[in-house]
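Undergrad: just a sequence and a predicted model for now, questions to come.
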Amino acid sequence: RPSPEEALQWRDSLEKLLQNPYGLASFHSFLHSEFSEENIEFWVACEDYKKTKSPVKMAEKAKKIYEEFIQTEAPKEVNIDHFTKDVTMKNLVEPSPSSFDMAQKKIFALMEKDSLPRFVRSEFYQELIK
């Protein structure tokens with residue numbers, strides 16, 4: 001469990017929150033309680049994808065991420081604009097570690113602007129900074 005001082009830093013930095021395993025888990029639980037966990041799950045899947053070395057595994061993971069989060073009517077479709085969706089689809093013709101970068105950045109910005117302020121006001125977070 002993080003110290004209250006450590007947890008207080010999360011108010012200003014989604015990056016710090018996501019780097020902390022406890023912060024990531026708390027944020028995920030909070031988003032789950034709001035029925036909006038697809039963004040954090042997509043972000044985590046992208047982080048995992050970028051660490052993949054094998055081209056075969058990378059292609060498999062890219063397909064899975066696309067089907068789960070990007071394609072229209074995907075089970076956990078993330079909210080990205082058509083331009084970003086098109087760029088991502090083009091990037092997947094030859095998957096590389098940066099294939100999802102644009103979409104991941106958009107989702108990060110969305111979580112930072114939208115989800116993080118709600119998280120900071122939530123009971124989940126208030127308990128951590130006591």
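TA: Thanks, I have the structure now.

Undergrad: pick out the residue closest to the middle of this protein.
TA: Residue closest to the mean C-alpha point of the chain, counted by C-alpha atoms, centre = their mean, is residue 43 at 2.3 Å.

Undergrad: didn't that residue look like it was pressed against residue 18?
TA: Yes - if you go by C-beta atoms under 8 Å, residue 43 and residue 18 touch, sitting 7.2 Å apart. Every residue, glycine included, has its C-beta placed from N, CA and C.

Undergrad: break this protein into its domains for me.
TA: Annotated domains of the chain cover 4-35+115-129, 37-112 [the TED database].

Undergrad: how far off centre is the longest one?
TA: Read it as domain 37-112. Here the centre of domain 37-112 is set off from its chain's centre by 10 Å, with C-alpha atoms, centre = their mean, to the nearest Å.

Undergrad: ok, the shortest one next?
TA: Relative to its chain's centre, domain 4-35+115-129 lies at 13 Å (C-alpha atoms, centre = their mean).

Undergrad: can you pull out the helices in this structure?
TA: Taking DSSP state H as the criterion, the chain carries its helices at 4-9, 14-19, 21-33, 38-50, 55-65, 82-91, 101-110, 116-121, 123-128.

Undergrad: any idea how many residues pack against residue 32?
TA: By other C-beta atoms under 10 Å, the residues close to residue 32 number 12.

Undergrad: I meant residue 100, not that one.
TA: Using other C-beta under 10 Å, residue 100 has 29 other residues around it.

Undergrad: could I get the helices of the chain in TSV, plus columns for mean pLDDT?
TA: Rendered in TSV, the data for the helices of the chain read as follows (pLDDT from 0 to 100):
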stretch	mean pLDDT
helix 4-9	94
helix 14-19	97
helix 21-33	95
helix 38-50	98
helix 55-65	97
helix 82-91	96
helix 101-110	98
helix 116-121	96
helix 123-128	90
